[in-house]
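J.: For reference, the sequence and a predicted model appear below.
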Amino acid sequence: MAVLKPFAAVRPVPSLVRQVAALPYDVMNSDEAREMVRDNPYSFLHVDKAEIDLDPSVDPYDDQVYAKAADTLKRMRADGIYIQDEKPCLYIYRETMLGRVQTGIVGCTSIDDYAENIIKKHEMTRAEKEADRIRHVDTCDANTGPIFLTYPASRRITDRMNAWADSHTPVYDFTSGDDVSHTLWVIDDDKTILEFQKDFEATPYLYIADGHHRAASAFHVGMKRREEHPDYTGNEAFNFFLSVLFPDEQLHIWPYNRYVHDLNGLTDAAFLSALETCFEVIPVSEPFEPETRHQTGMYLNGQWYCLSMKPGTYDENDPVERLDVSILQKNLLEPVLGIEDPRTSPRIDFIGGIRGLSELERLVDENRGVAFAMYPTTLDDLMHIADSGKVMPPKSTWFEPKLRSGIFIHELS
């Protein structure tokens, strides 16, 4: 039984929403963010990555970065860039990319549901990344980036969202610089809000699709506020965090490809020979993007290969071990290329599938090494692993389009 709570969003004035809306803070580094906001003083990256407005010598985790984020958010509100709805509402958020549409409901979900695993996870989080967002959320006194959740599709919920969108004028309708269209509606009718809440009460579980660190941080800030307010009732804003909930049938997971900087001291011939224990290695004449499980495309020294994973090298009955990213890590990246921990190794990079196979070719052609084009993890994989209480290997899923930050802000006080 999932809790969905309306809230009075702090959101941009319509005339500035396109300039304000920003990609999530964790899909670019500080230098890339500085370049992205060069001619845009309204970008929410000035809040989400506040170090871009300080001297580059300042550590991104310095106290003054979090203070700068809070000051910038306060100034944006004072300058009229943001307004706040007069009453708690729900919202509809529709994204369209490459002809594909996903429509979700925006509201707040419960830190108790997170703790009790009604909101299910499939990834490990890193303490230093959690600590960063805890300080950011706590200092800004707000959830500034939404958690991307999914749920088993319900025709009733989808029909209700579509009916509202079809009969009301969107409050925002714009196309971002990456050609993704964003259309948003305010649901301010109490009866309709209650109907959505009842629909989600009948939904046993929600699943984190993207935003594990943001969710964990929101939970920890909420628990911290409970300690600071021992007389809390459970209805205070800090007991909830900003979320967008999409039906699983509308989502698309892209491949999360791998690039390894070197061959761990092996010659090309020795490397290819080492692969034959666990893989059938077949040279191909064109860039190879796998169309089925247990195949991987590999680009080495100007040549594409199809790697077919040999039966017996993985456990088909284990929802984690049968993932192609797990098979590649267990049978190739670690034993052959020496990548023991892909979360921390400086020798491996992860490339979102949206960037295409040409990006893998570019990396190898310019820097040597080897690249792997993966078959994407599925939503069924994600949910099965979360239901099993297990976790995926790092960098198993890449969701597009990305939710924009700065469109909705949920204040905690």
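T.: Ah, there it is. Since the model is a prediction, treat every value here as computed from it, not as a measurement. Numbering: from 1, shown residues only.
J.: what ranges do the helices span in the stretch 201-350 of the chain?
T.: 212-228, 268-275, 324-328 (DSSP state H, counting those that start in this stretch).
J.: Of these, which stretch is the most buried?
T.: helix 324-328 (a mean of 24; mean count of other Cβ atoms under 10 Å). Glycine gets a C-beta too; all of them are placed from N, C-alpha and C.
J.: Tell me which of the helices of the stretch 201-350 of the chain sits nearest to F246.
T.: Across these, the minimum distance to F246, taken as Cβ to Cβ, is reached by helix 212-228, at 15.1 Å.
J.: for the host helix or strand of A69, packing partners?
T.: A69 is part of helix 63-78 when elements are defined by DSSP states H and E. Other helices and strands packing on helix 63-78, by 3 or more Cβ pairs under 8 Å, 6 or more residues apart in numbering; DSSP states H and E, are helix 45-48, helix 127-140.
J.: Buried deepest among these, which one?
T.: On a mean-neighbour basis (criterion: mean count of other Cβ under 10 Å), the most buried of the helices and strands packed on helix 63-78 is helix 45-48, at a mean of 25.
J.: average pLDDT across that helix?
T.: Average pLDDT, helix 45-48: 97.
J.: Check which helices and strands it is in contact with.
T.: When contacts are defined as 3+ Cβ pairs under 8 Å, 6+ apart, helix 45-48 packs onto helix 63-78.
J.: in the helix it packs on, what's buried?
T.: Buried positions in helix 63-78, judged by neighbour count with 16 or more other Cβ atoms under 10 Å: V65, Y66, K68, A69, A70, D71, T72, L73, M76.
J.: out of the residues you listed, who's nearest V37?
T.: The nearest one, if we look at those relative to V37 and count by Cβ to Cβ, is T72, at 11.4 Å.
J.: wouldn't that closest one be in contact with D53 here?
T.: Yes. At 7.1 Å, T72 and D53 qualify as touching, with contact defined as Cβ atoms under 8 Å.
J.: Do I have it right that D248 meets P152?
T.: Yes. With contacts counted by Cβ under 8 Å, D248 reaches P152, the gap being 5.9 Å.
J.: Could you tell me which residues touch both of these two?
T.: M383 (Cβ atoms under 8 Å, 6 or more residues apart in numbering).
J.: Would you map out the domains in the chain?
T.: 10-252+400-411, 256-375 (automatic domain parsing).
J.: rewinding a little: can the buried residues of helix 63-78 go into CSV with extra columns for distance to D188?
T.: Converted to CSV, the buried residues of helix 63-78 look like this (distance: Cβ to Cβ, whole Å):
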residue, distance to D188
V65, 36
Y66, 33
K68, 34
A69, 29
A70, 29
D71, 31
T72, 29
L73, 24
M76, 23
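J.: so which of the domains of the chain gets nearest K390?
T.: domain 256-375 (5.2 Å).
J.: what is the mean pLDDT for that closest one?
T.: 95.
J.: Now do A371 against I253, distance only.
T.: 19 Å (Cβ to Cβ, to the nearest Å).
J.: out of those two, which sits in the more crowded spot?
T.: Per other Cβ atoms under 10 Å, whichever of A371 and I253 has more neighbours is A371, with 24 against 19.
J.: Contacts only, for that one.
T.: For A371, counting by Cβ under 8 Å, 6+ apart, the contacting residues are N257, R258, Y259, V260, M298, Y299, L300, I351, L360, E361, L363, V364.
J.: who wins for neighbours among those residues?
T.: Busiest of those [other Cβ under 10 Å] is N257, holding 28 neighbours.
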